[in-house]
Every structure is written in C-alpha cells, then in structure tokens.
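Trainee: Predicted model and sequence below, questions to follow.
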Amino acid sequence: MRNTLAIADKELRSYFASPIAYIIIGLFALLFGWFFFVYLSVFVQRSSQMMMGGGAPNINQDMIRGVFLNSAVIILFVMPMITMRTYSEEKRSGTIELLLTSPVTDFQIIMGKFLGALGLYASMLLVTMLYIAVLFMYGNPEWRPIATGYLGLLLMGGCFLSVGLFISSVTKNQIVAGFLTFAVFLMLWVINWMADQSGPIMGAVLKYLSITDHFDDFARGIVDTKHVIYYVTFITFGLFLTAKSVDMERWRG
C-alpha cells in the first residue's frame, strides 16, 4: 500500500508541477460555472412564475440535476486530457523501463497511477462545490441528492480514467492516446442511441452498457446498487486491461 500511495503522490505532483492541472481544473470550473449560472437564472425565473401560481419549486430537481447532467458532458471532453500522458509520457521519455524494473508490482503501479489521476479529478469536483455553497448560503437545497450526484460523477469519472489508462498504456504518442480515449468515451456516451433501432434483447444490452443511463438516477438523488455495481465492474475491467497491457510491456522489455 505504501508503494501505491507513493506512486499516486508522484503522479499527482507531476500534474500540478506543470500547467496541465491548473488548465484542466480552471476549464472545468469555468464550464461548470456557466451551466450553474444558466440553470440558476432559469430556476429563478420559473420560481417566480410558480410562486405566483401557488406552486413550490424544487431546486434539487429543477436546477441541480440539470447542472450535474451537463457536468457529465464536460467530463467527456476533459478526461482524455488527464489520462493521455499517464503511460504515453513514460514510454516517450524512456522512464517506463525504470518503472517496470523497480521493486513494485504491476498492481501497485496501476493503482498508483489510477489514484493519482483520480486525485486530480476529485480536485476538479471539489472546486465546483464553491458554486453549490452559494445555494446553501441563499437557499435551502437538500444535501443528500447533491452528495449522490457527486458520487455519481466520481464513479463515472473513475470509469473514464480506467479506460484512459488502458489506452495510454498501448501507445507512446499522447495526442493519439487523447484522441482514441475521446473516441471510446464518445462511443460509450452514445451507444444507447442505437438501442431504439435494435431488437429488444440487443436494445436492452446497449442501454445497460451506456455509461450515461446509469448516471441519471444519481443526478436525481437515487443510489441504486445496480448502477454502483456497473461502475465498479467497469473500473475493475478497465484496470484489468491496463494490467495486461503493462504485463506485455514488461515481457517485451
């Protein structure tokens, strides 16, 4: 465990030692803030109309859910920037041989890099909580659906990271890794669009594989074990593929 945490700390420090971490966090915070402002403006306008009619708006369902769903779209574009350098940079600089011959296991290397990237992603989410804090200062939202939404974003991001690590481990070129990662992410994003044109069995399979369908309940404040199992299984499978790729690299070395 100590070796894993040491690698994770090294990875996290390497992100913040270059402008990449600040660019990614700043970009994510800016886009999150834009969606937050847009949905807040719409919510205030609708609230005024509903209160005049005697209705009671729900800030969690009418605003925060939309912000979370659009934040998931931002992740689709931001995640490749995090994962594209994890192994590709090691291969390009020649330090991958040093890493593979060091007294650490493949599992420790993979988990260390995964936790390092997850730490950067968690930092991105942490910054956005400043916007949510504004709602608690001037409103009275429920905190449980918000916590559930962030849990869903964290699990979805973990899936993207595991896939990105695998793709980065099979190429030396960061740009190629970034484009391939985005292409796979996009396929996982739109795979449910083909469900309507497929048969009942294939349609059900495609909908289950869709990474966005499993996030919708989290955005509504619902924690369903089948969605948690899906994300955990997805992350485990992505890390397993990465382990096989690293093992092949070790044998070639």
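Mentor: Nice, thanks for sending it over.
Trainee: hey, let's count contacts and neighbours off CA atoms from now on
Mentor: OK.
Trainee: what about the strands in this protein?
Mentor: With DSSP state E applied, the chain shows no strands anywhere along its length.
Trainee: Poorly predicted segments of it, please.
Mentor: Residues of the chain meeting the criterion pLDDT under 70: 49-57, 88-102, 195-196, 199, 249-253.
Trainee: residue nearest the centroid of it?
Mentor: residue 157 (1.6 Å; C-alpha atoms, centre = their mean).
Trainee: dump the residue contacts of it.
Mentor: Shown in contact with residue 157 (C-alpha atoms under 8 Å, 6 or more residues apart in numbering): 75, 79, 118, 121.
Trainee: again, 10 Å this time
Mentor: 72, 75, 76, 79, 117, 118, 121, 122, 151, 231, 235 (C-alpha atoms under 10 Å, 6 or more residues apart in numbering).
Trainee: quick one: which of those residues is most hemmed in?
Mentor: Highest neighbour count within these, by other C-alpha atoms under 10 Å: residue 117, with 26 neighbours.
Trainee: wait, isn't that one in contact with residue 154?
Mentor: No: using C-alpha atoms under 10 Å, residue 117 makes no contact with residue 154, being 11.8 Å away.
Trainee: ok, how many other residues are close to residue 143?
Mentor: Neighbour tally, residue 143, other C-alpha under 10 Å: 13.
Trainee: What of residue 222?
Mentor: Residues near residue 222, counting by other C-alpha under 10 Å: 16.
Trainee: hang on, isn't it packed against residue 65?
Mentor: No: between residue 222 and residue 65 no contact is recorded; they are 11.3 Å apart, counting by C-alpha under 10 Å.
Trainee: Residues that sit against both of the two, list them.
Mentor: 145, 149, 216.
Trainee: Name the nearest residue to the first one, sequence neighbours excluded.
Mentor: Counting by C-alpha to C-alpha, 6 or more residues apart in numbering, residue 145 lies nearest to residue 221, which is 3.8 Å off, once chain neighbours are set aside.
Trainee: who's in contact with that neighbour?
Mentor: By C-alpha under 10 Å, 6+ apart, the neighbours of residue 221 are 60-61, 65, 142-152.
Trainee: Okay, and which of the residues you listed map to helices?
Mentor: Mapping the contacts of residue 221 onto helices (DSSP state H) picks out 65, 143, 144, 145, 146, 147, 148, 149, 150, 151, 152.
Trainee: Show me which of the residues you listed are buried.
Mentor: 65, 145, 146, 148, 149, 150, 151, 152 (16 or more other C-alpha atoms under 10 Å).
Trainee: residue ranges for the helices of the stretch 151-253 of the chain, please.
Mentor: 174-190, 200-209, 213-219, 225-252 (DSSP state H, counting those that start in this stretch).
Trainee: Just put these in TSV and tack on distance to residue 34.
Mentor: Listed next are the helices of the stretch 151-253 of the chain as TSV, based on distance: least, C-alpha to C-alpha, whole Å:
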stretch	distance to residue 34
helix 174-190	22
helix 200-209	30
helix 213-219	18
helix 225-252	28
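Trainee: circling back: would a markdown table of the ones in helices among the contacts of residue 221 with distance to residue 204 be doable?
Mentor: As requested, the ones in helices among the contacts of residue 221 are exported to a markdown table (distance: C-alpha to C-alpha, whole Å):
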| residue | distance to residue 204 |
| --- | --- |
| 65 | 25 |
| 143 | 33 |
| 144 | 30 |
| 145 | 27 |
| 146 | 29 |
| 147 | 29 |
| 148 | 25 |
| 149 | 24 |
| 150 | 27 |
| 151 | 25 |
| 152 | 21 |
